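Engineer: can you look at this prediction? I've put the sequence above it.
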Amino acid sequence: MPRGDDTGAGPSAPKRTLDAPAAGKVVGVSWFRRAAERLRFADRTTGLRIQWQEVPQRTNGIAGRGVRVDVSRLRAGRYRMQLTVNAAGETSAISTREIDVR
């Protein structure tokens with residue numbers, strides 16, 4: 001692509017803000033656990049949600065980001081973590097991982 005084109009991809013393109021919500025949801029909660037929560041014998045199982053906005057700093061057209069999430073306060077179990085990156089007018093990028101918290 002030529003430099004400075006209006007597609008937003010050239011080096012002189014305006015910087016766009018990215019929205020990046022991330023969520024961690026519990027996977028495979030047993031019926032026994034759900035029953036205990038419903039009867040209020042146990043606290044509700046909750047996940048994790050974070051979100052941020054940024055204007056990425058690009059090097060050679062690539063913008064990288066490392067994210068570290070503290071899961072020490074989550075109950076032991078299996079969680080599905082999903083990160084979605086949204087830029088106005090473009091398709092969202094989604095990455096999903098499953099983790100075990102012990």
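Structural biologist: Thanks, I have the structure now.
Engineer: which stretches of the chain form strands?
Structural biologist: 18-27, 48-54, 77-87, 93-101 (DSSP state E).
Engineer: tell me which other helices or strands the shortest one touches.
Structural biologist: This points to strand 48-54. Packed against strand 48-54, as judged by 3 or more Cβ pairs under 8 Å, 6 or more residues apart in numbering; DSSP states H and E, are the following elements: strand 18-27. Backbone N, C-alpha and C define where each C-beta goes, glycine included.
Engineer: how about low-confidence regions in the protein?
Structural biologist: 1-15 (pLDDT under 70).
Engineer: one more time with 80
Structural biologist: By pLDDT under 80, the low-scoring segments of the chain are 1-16, 45-47, 58, 61-65.
Engineer: show me the contacts for residue 98.
Structural biologist: Applying Cβ atoms under 8 Å, 6 or more residues apart in numbering to residue 98 gives the contacts 27, 78, 79, 80, 81.
Engineer: what's the closest of those residues to residue 18?
Structural biologist: Proximity of the contacts of residue 98 to residue 18, judged by Cβ to Cβ, is greatest for residue 81, which lies at 18.2 Å.
Engineer: which residues touch that closest one?
Structural biologist: Contacts of residue 81 (Cβ under 8 Å, 6+ apart): 22, 23, 24, 48, 69, 96, 97, 98, 99.
Engineer: I'd like the distance between it and residue 26.
Structural biologist: Per Cβ to Cβ, to the nearest Å, residue 81 is found 11 Å from residue 26.
Engineer: next: residue 33.
Structural biologist: From residue 33 over to residue 26 the distance is 9 Å, taken as Cβ to Cβ.
Engineer: what sits in contact with each of the two?
Structural biologist: residue 45.
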